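**Student:** With the sequence up front, the predicted model follows.
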Amino acid sequence: MLGLAAILALFALAVAQHHHHGGFFPGGQYEHPEHGGVGFIYDPTTHYLVASTHSTCYFMPLDATQQTASHTSSGMEKLELQMMAMMSGGEEELTNAQVEKHSHLIDMECHGDKLYMVGPQPGAPSVSSPEQ
């Protein structure tokens with residue numbers, strides 16, 4: 001009878017671990033995985049790629065080549081990875097004019113999130129190295 005109880009207890013533990021995708025650690029602590037995600041949307045009107053997390057939206061302007069790339073799966077994936085690499089925590093917050101320009105995206109994707117701009121801004125002077 002004790003053997004049957006032990007087998008049932010082990011089975012219940014395995015089901016609990018599988019169901020919750022967590023695990024027991026030394027000292028009886030149960031830890032579960034944390035979940036997060038980043039969603040991406042390309043706006044063909046303003047030509048910006050928007051990445052949204054649970055609390056933040058990032059906006060990246062796309063040049064003509066990037067705009068074309070956004071229409072293929074592999075091109076979009078490259079843009080998403082490029083944008084994620086640019087998210088370093090030192091981004092500028094959107095200005096009032098930028099918030100107004102992107103209000104339709106903010107209403108659709110950002111829902112009161114923090115708003116940041118990544119990448120070179122359209123119309124900003126390009127940085128070039130001095131000729132040697």
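**Tutor:** Looks like it came in fine.

**Student:** Does the closest residue to Cys110 other than its chain neighbours fall in a helix, a strand, or a coil region?
**Tutor:** Sequence neighbours aside, Cys57 is the residue nearest to Cys110 in space, at 4.0 Å (criterion: C-beta to C-beta, 6 or more residues apart in numbering). C-beta here means a position set from N, CA and C on the backbone, and glycine is covered the same way. Of the three states, Cys57 takes strand under DSSP: H, G, I helix; E, B strand; the rest coil.

**Student:** if I pick Ala69, what's in contact with it?
**Tutor:** 75-76, 78-79 (C-beta atoms under 8 Å, 6 or more residues apart in numbering).

**Student:** mind checking how far Val118 is from Pro33?
**Tutor:** 28 Å (C-beta to C-beta, to the nearest Å).

**Student:** neighbour count winner among the two?
**Tutor:** Using other C-beta atoms under 10 Å, the more surrounded residue of Val118 and Pro33 is Val118, with 21 against 8.
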